[in-house]
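**Q** need a 3D model of the sequence below.
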Amino acid sequence: MIGVERSRAGAQITAENGIPTPRATLEKLELPSNSLAAASLFDVLEHVQDRQSLLSELQRVLQPQSYLFISVPALPVLWSQFDVDEAHQLRYTRSSLRSELVNAGFTIEVVGYFFALTVLPLLFLRALPYRISVRKLLSDSASVVAQGGLLGCIASRIELTIALRAPFGSSLFVLAQKSEIPHSPSSRFGEEI
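**A** Just a heads-up that it's a prediction; the model follows:
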């Protein structure tokens, strides 16, 4: 297993956790076609301007029938200063993420929301203040503590129970598989030939 990270800090954190991590982009690695057994993009895709190029490169370097694991921020209604500060290009819905991956030639195995319990706090503490030009109501250092006592334990159990089955959440997870049939660039956006 290796990681690929554009930022120095990200590469260092990943390397400190025992995963060799070159500081690069997938395209710059120039991997051979069909060379990866699996790939993951955890909170990456939303930062990329040309997502179709990245997904095409993944389609090229993944072995046939191999898997792609993705997590992204969800729900455009939650857009806030946080997204601006993090250089997000967008927040996804289940259908927009599914569509982007299918257009790139992937078959969707699983797609679902998680972190459902964070939607209302993020809406009221980040998104709505952002819309009325109160940019920093929730500070960057404020976060939900994982070990939040009894309430945190209950919330964690609820999240685990409803993850990927909830009708909404502040993040999305997708498990996609490289299609058996090579993807035709001419039908890239769902157009029939």
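**Q** flag the shaky bits of this protein, pLDDT-wise.
**A** Confidence mapping of the chain against pLDDT under 70 gives the ranges 135-148, 181-193.
**Q** show me what contacts Leu45?
**A** Going by C-beta atoms under 8 Å, 6 or more residues apart in numbering, Leu45 touches Arg51, Leu54, Ile70, Val72. Every residue, glycine included, has its C-beta placed from N, CA and C.
**Q** cutoff 6 Å now
**A** Neighbour list for Leu45: Arg51, Val72 [criterion: C-beta atoms under 6 Å, 6 or more residues apart in numbering].
**Q** and Leu31, by the same measure?
**A** Counting by C-beta under 6 Å, 6+ apart, Leu31 makes contact with Val61.
**Q** I'd like the next helix or strand past the helix or strand where Ser71 lies.
**A** Here Ser71 sits within strand 62-73, counting by DSSP states H and E. Per DSSP H and E, strand 62-73 leads on to helix 81-85 as the next helix or strand towards the C-terminus.
**Q** beyond that next one, next helix or strand please.
**A** Following helix 81-85 in sequence, per DSSP H and E, is helix 94-103.
**Q** residues in contact with the following helix or strand past that next one?
**A** On the C-terminal side of helix 94-103, the closest following helix or strand by DSSP H and E is strand 106-114. Residues outside strand 106-114 that contact it (C-beta under 6 Å, 6+ apart) are 74, 94, 98, 163-164, 166, 168-169, 171-177, 179.
**Q** chain center to strand 106-114, what's the gap?
**A** In this view, strand 106-114 has its centroid 11 Å away from the chain centroid, taken as C-alpha atoms, centre = their mean, to the nearest Å.
**Q** could you do stretch 79-86 as well?
**A** Distance, stretch centre to chain centre, for stretch 79-86: 15 Å (C-alpha atoms, centre = their mean).
**Q** please identify the buried residues of that stretch?
**A** For stretch 79-86, the neighbour count (16 or more other C-beta atoms under 10 Å) marks Trp79, Ser80, Gln81, Phe82, Asp83 as buried.
**Q** cool, and stretch 152-166?
**A** If you call a residue buried by 16+ other C-beta under 10 Å, then stretch 152-166 has these buried ones: Glu159, Ile162, Ala163, Ala166.
**Q** ok, stretch 167-180 next?
**A** For stretch 167-180, burial by neighbour count (16+ other C-beta under 10 Å) applies to Phe168, Gly169, Ser170, Ser171, Leu172, Phe173, Val174, Leu175, Ala176, Gln177, Lys178.
**Q** can you list the residues that contact that stretch?
**A** The set of residues external to stretch 167-180 that reach it, using C-beta under 6 Å, 6+ apart, is 62, 66-74, 92, 97, 101, 105-116, 118-119, 122.
**Q** now stretch 65-85
**A** Here stretch 65-85 makes contact (C-beta under 6 Å, 6+ apart) with 37-43, 45-46, 91-92, 113, 122, 126-127, 130, 135, 169-178.
**Q** which stretches of this protein form helices?
**A** Here the chain has its helices, by DSSP state H, at 8-16, 26-29, 51-61, 81-85, 94-103, 119-122, 128-131, 149-162.
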